[in-house]
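Novice: dropping the sequence and predicted coords here.
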Amino acid sequence: MQQSLRIIVADDHPLFREALQQAVGNLFDSASFVEADSFDSLQEVAAENEDADLILLDLDMPGAHGFSALAWMRTQYPALPVVIVSAAGDPRIMRRSVEFGASGFIPKSSSLEEIATAIRSVLDGDVWLPDSALATEDEAMREDQELAQRIAALTPQQFRVLMMLADGLLNKQIAAKLTVSEATIKAHVTAILRKMGLRSRTQAAVAARRLERAASLEEG
């Protein structure tokens, strides 16, 4: 392993950037981070850090469309490994990321152990995909349908809270937007997790964004 690592974290959600840096920082004591929250800022950061060791890139950022940011990185900085870190759970997107030049794909719902394995594999020169990338399109469609059914069990207000979780909002921010108490939002989040069979608000946000991604694939 290298003496020190410089990692570019490109994601428009500050909470995800912070969580990812904490997770990777716990795995690699020598890691330092540079942030980008849009395609424009990614271009600036990449130009200023051409000696970076790795970029962790979200597909959904302002100014980026589909795999455009990934394609740009591969053209401008072919020696810099890019790992997609995304809420997208469709195996087609994971495999397509590698086809467009990504060195790996890490779902945002991955465990710390999976994140560590993926990053170490990529830094060693390998390509890493989760086991779920091998799922067939029928299996992926069935999982999306089951997710849609769980979301359909939410009340309209719970659904609104879920969509705001997907946007990275904190409980107090959601409470202000819906003009209710923060305790009410906490109760909604608890109910959402129970109905969807999830353990954390991050998993709920990832699930919501996965459903959005599945819809965009069907439209495409």
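Specialist: Looks like it came in fine.

Novice: strands along this structure, start to end?
Specialist: Along the chain, counting by DSSP state E, strands occupy 5-10, 31-36, 54-57, 82-86, 104-107.

Novice: how about CSV for the ones you listed, with mean pLDDT and distance to D126 added?
Specialist: C-beta here means a position set from N, CA and C on the backbone, and glycine is covered the same way. Converted to CSV, the strands of the chain look like this (pLDDT from 0 to 100; distance: least, CB to CB, whole Å):
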stretch, mean pLDDT, distance to D126
strand 5-10, 93, 16
strand 31-36, 93, 19
strand 54-57, 94, 13
strand 82-86, 92, 11
strand 104-107, 92, 8
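
Novice: those strands into a markdown table, with extra columns for distance to R194 and mean neighbour count?
Specialist: Listed next are those as a markdown table, based on distance: least, CB to CB, whole Å; neighbours: other CB atoms under 10 Å:
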| stretch | distance to R194 | mean neighbour count |
| --- | --- | --- |
| strand 5-10 | 32 | 22 |
| strand 31-36 | 34 | 18 |
| strand 54-57 | 31 | 25 |
| strand 82-86 | 26 | 24 |
| strand 104-107 | 22 | 23 |
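
Novice: which of the ones you listed sits closest to V206?
Specialist: Taking CB to CB as the criterion, V206 comes closest to strand 104-107 out of the strands of the chain, the separation being 7.3 Å.

Novice: quick one: list the elements packing against the closest one.
Specialist: Packing partners of strand 104-107 (3 or more CB pairs under 8 Å, 6 or more residues apart in numbering; DSSP states H and E): strand 82-86, helix 91-99, helix 112-123.

Novice: follow-up on the earlier one: next, format the strands of the chain as TSV and append distance to R160.
Specialist: As requested, the strands of the chain are exported to TSV (distance: least, CB to CB, whole Å):
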stretch	distance to R160
strand 5-10	28
strand 31-36	29
strand 54-57	29
strand 82-86	24
strand 104-107	25
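
Novice: which positions in stretch 98-113 come out as buried?
Specialist: Residues of stretch 98-113 classed as buried under the neighbour-count rule (16 or more other CB atoms under 10 Å) are V98, F100, A102, S103, G104, F105, I106, P107, K108, S109, S110.

Novice: skip the chain neighbours and tell me the closest residue to the residue most central in space within the chain.
Specialist: Nearest to the geometric centre of the chain sits S86, at 2.7 Å (CA atoms, centre = their mean). Nearest residue to S86, sequence neighbours excluded (CB to CB, 6 or more residues apart in numbering): L59, at 5.0 Å.

Novice: repeat that for S181.
Specialist: A175 (6.1 Å).

Novice: next, the contact list for the nearest residue to Q203 once chain neighbours are set aside, please.
Specialist: Spatial nearest neighbour of Q203, chain neighbours left out: S109 (5.6 Å); criterion: CB to CB, 6+ apart. Neighbouring residues of S109 by CB atoms under 8 Å, 6 or more residues apart in numbering: A87, G89, T202, Q203, V206, A207.
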